[in-house]
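Trainee: What shape does this take:
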Amino acid sequence: MWRDAVYSGTLRPKCPDPAITGKYLNDLLDELTYSVNSNPVSSISNIHSIHKIDNCLYLGDKYAAKDRRFLLANRITHVLNCAEGCDEFQVNTSETYYRDFKIKYMGIPGHDRPSWNISVYFEQASRFIDNAIRTGGRVLVHCVVGISRSATIVIAYLMICKHMNAAEALRYVFRQRRVFPNPGFLHHLAQLNNVLFKRRSLSLTRNYY
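Mentor: Coordinates of the predicted model:
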């Protein structure tokens, strides 16, 4: 069961839209892809592909994540690798890789396949990001390219901790970085949306009575 983190920012907590489905998110992603300006969003770096998503939260690729001096220069204190592993389409880093640079690490052995169940990591990853930001840190979330696995985790974090619905979170991230979660991941985000809707609806009902 996903935990609702307490968010103290300016967004107003609300119930997600229960009508959101994986197909709806797929169609929305297509719409966003064709409607945005053809110019890509500017990276914060001239060297690596990395974009600021929100205060102290960044989304990037494996090259940014493996450049430890670049991370230090940009005051990144936490790294969340959503593609941990030794396979061709994974990133072989670990807690040891960052230890000497005093960067805290979390790894998810993710595969960019629609059949891979990324949702089992939504709660743990959101907690890692939330705790880092609450303690004054800066977090880089990455996979190999930084558009599917890591983007899905960032979207889930925005849903759980900032009370966005799945469509709002997808739009928000897409405005900052051109992301393309695979259809299976979009389905998991739609399921998360429905879980959060039921939980928050129940909470609102209890508070009302």
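Trainee: alpha carbons only for contacts and neighbour counts from here, please
Mentor: Will do.
Trainee: most centrally placed residue in this structure?
Mentor: Geometric centre of the chain, nearest residue: V154, 0.9 Å, by C-alpha atoms, centre = their mean.
Trainee: Pull up the gap between that residue and L59, please.
Mentor: From V154 over to L59 the distance is 8 Å, taken as C-alpha to C-alpha, to the nearest Å.
Trainee: any shared contact partners between these two?
Mentor: V141 (C-alpha atoms under 8 Å, 6 or more residues apart in numbering).
Trainee: hmm, back to that, what's the closest non-adjacent residue to the residue nearest to the centre of the chain?
Mentor: V141 (7.3 Å; C-alpha to C-alpha, 6 or more residues apart in numbering).
Trainee: Quick check: which element contains that neighbour?
Mentor: Secondary structure assigned from DSSP states H and E places V141 in strand 139-142.
Trainee: other SSEs contacting the worst-scoring helix or strand of the chain on mean pLDDT?
Mentor: The helix or strand of the chain with the poorest confidence is helix 183-208; it has a mean of 83 (mean pLDDT, DSSP states H and E). Packed against helix 183-208 by the contact rule (3 or more C-alpha pairs under 8 Å, 6 or more residues apart in numbering; DSSP states H and E) you find helix 22-35, helix 149-162, helix 166-176.
Trainee: Flag every buried residue along the strand holding V141.
Mentor: 139-142 (16 or more other C-alpha atoms under 10 Å).
Trainee: do the same with stretch 121-129
Mentor: Result for stretch 121-129 [16+ other C-alpha under 10 Å]: buried residues 121-129.
Trainee: between those, which is nearest S201?
Mentor: Using C-alpha to C-alpha, E123 comes nearest to S201 of the buried residues of stretch 121-129, at 19.2 Å.
Trainee: on that earlier part again, now for the strand holding V141, which elements pack on it?
Mentor: Counting by 3+ C-alpha pairs under 8 Å, 6+ apart, the packing neighbours recorded for strand 139-142 are strand 57-60, helix 62-66, strand 78-81, helix 122-134, helix 149-162.
Trainee: Can you give the contact residues for that strand?
Mentor: When contacts are defined by C-alpha under 8 Å, 6+ apart, strand 139-142 is touched by residues 56-62, 65, 76-83, 129, 132-133, 149-151, 154.
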